[in-house]
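>>> Predicted model and sequence below, questions to follow.
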Amino acid sequence: MSGRARRMTLPSIHGRKDPIHKPATKPVSDPAHGAAFIFIHGLDDDAEGLENVADQFQNNDKLSWMHWFIPNAVEDNELGMTAWYRPSALKPFAPSRPELEDPEDEEGLLKSSAYVESLIDACVRKGIPPNRIVLGGFSQGCALSLLTDLTSKKYSGRLAGIVGLCGYLPLVDGMRLQHLRAKADLPPTHGDVPVFLARGGQDKLIPKRIWTQTLKGLDALGLNDPEVHEYEGAGHTIHGAMMKDMCAFLERVVPKLED
């Protein structure tokens, strides 16, 4: 199959920079034997900020059969930065008056989740099945990945795996995620999609309380056995040990198939 025939047609939206697509360095003839990783950046960043991660994998001949798709958030004019949704305070201690806390930006989260779903659609149209597509991200990208996997009517429970780096589970308070699943006609608990979660032990932006809350929230939704890594001394950043562990996870959930 020619390179032209393999080219992905990704959604192009006015006001949003197109995703970076880094094709597989050793593409397979059958797209169903390939794989895709949709890798989502964090707050006040863009796709170029994560491109070097894909470059390191490809330059070291890791997962050469896998396409990388790195989408871009839009500029929030009020915040003066790119954002997938309006951030809310992630405090290290539980608030004494939870009712006074700013609500999470559910509308922004769901809008961005729908955009991510359109990227999965594009991969599926090109013959990559959902069980060969990994969704993941850093910080806000982690939150968006977990939310999409848990609430997508099309793809919840069907993807190859979820990667969450230095992030958290949004909308975990109350029963909001359960309500969103019910609205999408999804069962009360999630399936067996493998999940990789990693956090720096000194991460001040995602406090330990929020990390613990995330693990409890995932457990309540049936994701009770994620692969969890916490790196002592590391902060809110992607580093070598984290990438090594992520690589092992990716090789396990989307292994090379005979072409």
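All right, it came through fine.
>>> how about the nearest residue to the residue nearest to the spatial centre of the chain, chain neighbours excluded?
Centroid check for the chain by C-alpha atoms, centre = their mean gives Gly136 as the closest residue, at 2.4 Å. Using C-beta to C-beta, 6 or more residues apart in numbering and skipping the chain neighbours, the partner closest in space to Gly136 is Val163 (2.7 Å). No exception for glycine: its C-beta is placed from N, CA and C like everyone else's.
>>> Run a quick neighbour tally on the one you found.
Residues lying near Val163 (other C-beta atoms under 10 Å) number 28.
>>> Quick one: name whatever helix or strand follows whatever helix or strand it lives in.
Taking DSSP states H and E as the criterion, the element that holds Val163 is strand 161-165. Using DSSP H and E, the helix or strand that follows strand 161-165 in sequence is helix 176-183.
>>> What is the distance between the following helix or strand past that following helix and the centre of its chain?
Heading C-terminal from helix 176-183, the first helix or strand you meet, by DSSP H and E, is strand 195-200. The chain centre lies 11 Å from the centre of strand 195-200; the measure is C-alpha atoms, centre = their mean, to the nearest Å.
>>> Kindly report the same for stretch 75-93.
The chain centre lies 17 Å from the centre of stretch 75-93; the measure is C-alpha atoms, centre = their mean.
>>> Any idea how far apart the tips of that stretch sit?
The distance separating the two terminal residues of stretch 75-93, taken as C-alpha to C-alpha, to the nearest Å, comes to 30 Å.
>>> if we look at that stretch, which residues are touching it?
Residues external to stretch 75-93 that are found in contact with it (C-beta atoms under 8 Å, 6 or more residues apart in numbering): 15, 40, 43-46, 72-74, 101-105, 108-109, 111-112, 140-141, 143-144, 168, 170, 205-210.
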